[in-house]
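>>> please work out how this folds:
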Amino acid sequence: MSLLKRIGGTTPGRDEGAGAQRAGALPPRQSDASARSNSATREQDDNAFADLKSRVQSKLINELDPRLDLSDSVRVQRQVEEVFNSILDSESIVLSRAERTRMFESIAADILGYGPLQMLLSDDDISEIMVNGPKQIYIEKQGKLIKSDVVFNNDEHVLRIIDRIVAPLGRRIDESSPMVDARLPDGSRVNAVIRPLSLVGPVITIRKFRKESLTVSDLVRFGSLTEDMGEFLSACVRARLNIVVAGGTGSGKTTTLNVLSSFIPEDERIITVENAAELQLRQDHVVTLESRPPNVEGRGEVSIRDLVMNCLRMRPERIVVGECRGGETLDMLQAMNTGHDGSMTTIHANSPRDSISRIETMCLMAGMDLPSRAIREQVASAIEVIVQQSRLKDGSRKITAITEVQGMEGDVVVLQDVFTFEQTGIDERGKIVGTLRPTGVRPKFVEKFEALNIYLPPNVFGYSGDRFF
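Predicted structure coming up:
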């Protein structure tokens with residue numbers, strides 16, 4: 001028996017006289033009529049379930065002890081379950097075990113978690129969640145977008161969840177400040193936009209991060225890079241080369257930066273600077289700095305640039321900037337050029353050559369009236385490796401190029417690919433087929449490897465033999 005029938009609702013049945021058709025009218029096909037009937041029944045069941053859940057949840061909130069410590073999630077969940085069961089029993093509401101469990105989990109998520117999003121956040125196969133208003137939620141699975149069946153009740157329901165996300169971070173979102181960047185306790189990145197900027201209602205975008213940090217072995221298994229590329233990148237980090245990870249939105253730049261940071265030795269002091277803390281460094285000696293937006297009065301803002309300048313006075317051995325997107329790029333280059341070797345950051349760019357242009361543009365955003373050649377000389381002397389990360393059309397993410405910055409020739413920054421990805425076709429499943437291979441070029445900075453007793457086999461660069469000397 002459906003939930004609708006249990007709680008006293010009615011389902012549209014067939015009229016006993018429905019068999020008598022109007023003269024000349026063709027009876028509808030049985031399959032179509034049955035499908036419409038089933039769809040209507042499901043919709044009414046869902047509405048009835050939502051109404052019942054709202055009624056039970058309101059009573060439950062009124063009966064809960066207001067002095068309850070919400071930080072003790074186990075105790076809170078136990079009390080919520082006790083009150084929930086007593087309400088159902090007192091109102092003689094009969095539900096199947098599956099419906100009872102579904103309703104309790106939904107109510108518990110609204111009280112203790114992130115409402116309808118809690119189920120999506122708990123699914124490890126989902127990498128991104130996009131809420132386009134209360135009734136439209138999309139998820140990303142294996143690089144593909146899928147529309148979810150999960151919905152919110154209304155705009156206010158979405159706003160309550162947004163407030164629950166941003167409040168612990170000391171951030172706010174309202175009509176005067178209708179955009180906010182935040183993060184979940186597990187490091188997942190959150191962006192929210194509300195009316196009047198969003199015309200479809202509150203919009204939330206959540207970039208989830210795995211509970212366990214990915215390693216270079218995981219990326220090799222996924223096909224994002226090869227073992228030789230991993231060995232080369234490990235040598236670059238241990239040799240304290242300055243590295244920029246470039247790529248488009250959602251291409252996996254932060255994941256790659258996390259993997260690169262795992263090669264940093266344990267005995268070095270690392271300072272990370274981020275807009276919303278999401279890097280997951282496994283070393284012990286790590287200081288994490290996070291920027292701060294202005295308060296209601298427009299004061300108290302601490303930008304990424306302020307943090308980069310300040311961390312130079314904190315005796316860093318490695319500086320890791322989550323993302324350069326403005327004037328802080330110039331300060332990052334200066335840090336790389338003044339003894340802070342081995343620094344890393346990410347930028348948005350579609351190719352290694354575009355990365356140089358982007359860096360030049362962002363340096364000009366610092367407000368310094370510097371000639372282009374002076375900026376390019378800074379770039380050429382500061383950055384040694386560009387790792388290009390791409391999200392391909394089939395949803396897969398790969399390192400499509402590892403490029404050496406060789407220096408200047410005239411007014412041009414000279415780049416040389418060390419590894420590249422060559423696409424050879426598309427298979428019958430729509431997956432892109434290609435090869436990650438070395439270009440056969442031995443980078444100039446291999447001498448730095450050897451000075452630190454780091455030797456790579458020549459086959460890493462496409463040669464045969466034992467090693468370079």
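
>>> C-alpha from now on. contacts and neighbour counts both.
Noted.

>>> poorly predicted segments of this structure, please.
Along the chain, the model assigns pLDDT under 70 to residues 1-49, 53, 57, 60-61, 63-73, 464-469.

>>> CA atoms only: put the helix or strand harbouring residue 381 into CSV for me.
Here residue 381 sits within helix 372-382, counting by DSSP states H and E. Coordinates of each C-alpha in helix 372-382 appear next as CSV, following Å, rounded to 0.1, in the frame of the first residue of the first chain:
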residue,chain,number,x,y,z
SER,A,372,56.2,44.1,-20.1
ARG,A,373,59.8,43.1,-20.6
ALA,A,374,60.6,43.5,-16.9
ILE,A,375,57.7,41.3,-16.0
ARG,A,376,58.7,38.6,-18.5
GLU,A,377,62.2,38.6,-17.1
GLN,A,378,60.8,38.1,-13.7
VAL,A,379,58.6,35.2,-15.0
ALA,A,380,61.5,33.6,-16.9
SER,A,381,63.8,33.7,-13.9
ALA,A,382,61.2,32.7,-11.2
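
>>> tell me what that helix is packed against?
On a contact count with 3 or more Cα pairs under 8 Å, 6 or more residues apart in numbering; DSSP states H and E, helix 372-382 meets helix 328-337, helix 352-364, strand 397-409, strand 412-426.

>>> and the helices in the stretch 201-350 of the chain?
Remark: helices assigned in the stretch 201-350 of the chain by DSSP state H, counting those that start in this stretch are 216-222, 227-238, 253-261, 304-311, 328-337.

>>> out of those, which gets nearest to residue 128?
In terms of Cα to Cα, the element of the helices of the stretch 201-350 of the chain nearest to residue 128 is helix 253-261, at 13.8 Å.

>>> tally of neighbours for residue 325?
For residue 325, the count of nearby residues is 18 (other Cα atoms under 10 Å).

>>> can you tell me the centre-most residue of the protein?
Nearest residue to the geometric centre of the chain (Cα atoms, centre = their mean): residue 207, 2.2 Å.

>>> quick check: that one vs residue 291, distance?
Distance, residue 207 to residue 291, by Cα to Cα, to the nearest Å: 19 Å.

>>> what do you get for residue 356?
25 Å.

>>> for the two, indicate the residue with more neighbours.
Remark: of residue 356 and residue 291, residue 356 carries more neighbours, 22 against 16, as counted by other Cα under 10 Å.

>>> now do the contacts for the residue nearest to the centre of the chain.
127-129, 188-190 (Cα atoms under 8 Å, 6 or more residues apart in numbering).

>>> and it, how far is that from residue 249?
Taking Cα to Cα, one finds residue 207 at 11 Å from residue 249.

>>> now the helices and strands packed on helix 372-382 as TSV including distance to residue 140?
Listed next are the helices and strands packed on helix 372-382 as TSV, based on distance: least, Cα to Cα, whole Å:
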stretch	distance to residue 140
helix 328-337	31
helix 352-364	27
strand 397-409	13
strand 412-426	21
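
>>> contacts for stretch 253-273?
Contacts of stretch 253-273 (Cα under 8 Å, 6+ apart): 213-216, 233-234, 237-238, 245-247, 279-291, 304, 307-308, 311, 315-322, 344-346, 389.

>>> 7 Å - rerun?
Outside stretch 253-273, the residues that touch it by Cα atoms under 7 Å, 6 or more residues apart in numbering are 214-216, 234, 237-238, 245-247, 279-290, 304, 307-308, 316-322, 346, 389.

>>> only the buried subset of these, as a ChimeraX command please.
Applying 16 or more other Cα atoms under 10 Å to those, the buried members can be selected in ChimeraX as follows:
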select :214,215,216,234,237,238,245,246,247,279,280,281,283,286,289,290,304,307,308,316,317,318,319,320,321,322,346,389
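
>>> what's the burial count for residue 102?
14.

>>> nope, residue 163 is what I was after
14.

>>> same check on residue 188?
Applying other Cα under 10 Å, I find that residue 188 has 21 neighbouring residues.

>>> from residue 286, how far out is residue 138?
35 Å.

>>> likewise for residue 420?
Following Cα to Cα, the distance that separates residue 420 from residue 286 is 33 Å.

>>> same question, residue 113
29 Å.

>>> ok, now residue 186?
Taking Cα to Cα, one finds residue 186 at 17 Å from residue 286.

>>> buried sites along stretch 209-220?
Buried residues in stretch 209-220 (16+ other Cα under 10 Å): 209, 214-216, 219-220.

>>> stretch 436-446 now?
436-439, 442-443, 445-446.

>>> show me this structure divided up by domain.
Structural domains assigned to the chain are 1-8+32-112, 114-211, 216-461, following automatic domain parsing.

>>> skipping adjacent residues, who's closest to residue 151 in space?
residue 135 (4.9 Å; Cα to Cα, 6 or more residues apart in numbering).

>>> typed the wrong thing, it's residue 292
Closest to residue 292 by Cα to Cα, 6+ apart is residue 302, at 4.9 Å.

>>> how about the contacts made by that neighbour?
Residue 302 touches 291-293, counting by Cα under 7 Å, 6+ apart.

>>> now tabulate the residues you listed in CSV and tack on distance to residue 90.
CSV is the format used below for the contacts of residue 302 (distance: Cα to Cα, whole Å):
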residue, distance to residue 90
291, 51
292, 49
293, 49
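
>>> quick check, nearest of the residues you listed to residue 201?
residue 293 (23.2 Å).

>>> separation between that closest one and residue 306?
Counting by Cα to Cα, the gap from residue 293 to residue 306 is 12 Å.

>>> out of these two, which sits in the busier spot?
Applying other Cα under 10 Å to residue 293 and residue 306 shows that residue 293 carries more neighbours, namely 17 against 14.

>>> in which helix or strand does residue 58 reside?
helix 30-63.

>>> the closest residue in space to residue 355 that isn't next to it in sequence - how many residues pack around it?
Residue nearest to residue 355 in three dimensions, not counting chain neighbours: residue 349, with 5.2 Å by Cα to Cα, 6+ apart. Residues lying near residue 349 (other Cα under 10 Å) number 21.

>>> got it, and residue 162?
Counted with other Cα under 10 Å, residue 162 comes out at 24.

>>> give me phi/psi at it?
phi -60, psi -50 (degrees, to the nearest 10).

>>> kindly provide the distance from it to residue 171.
11 Å.

>>> swap in residue 428?
Taken as Cα to Cα, the span from residue 428 to residue 171 is 48 Å.

>>> hmm, residue 394 and residue 431 touching each other?
Yes: in terms of Cα atoms under 7 Å, residue 431 counts as a neighbour of residue 394; the distance is 5.6 Å.

>>> could you list the residues in contact with stretch 307-317?
Here stretch 307-317 has contacts from 268-271, 273, 328, 331-332, 340, using Cα under 7 Å, 6+ apart.

>>> scratch that, stretch 161-169
114-115, 172, 182, 184.

>>> among those residues, which one sits closest to residue 370?
For those, the nearest to residue 370 is residue 182 (34.0 Å; Cα to Cα).

>>> which secondary structure element contains the closest one?
strand 179-183.

>>> residues contacting residue 390?
Per Cα under 7 Å, 6+ apart, neighbours of residue 390: 247-248, 251, 397-400.
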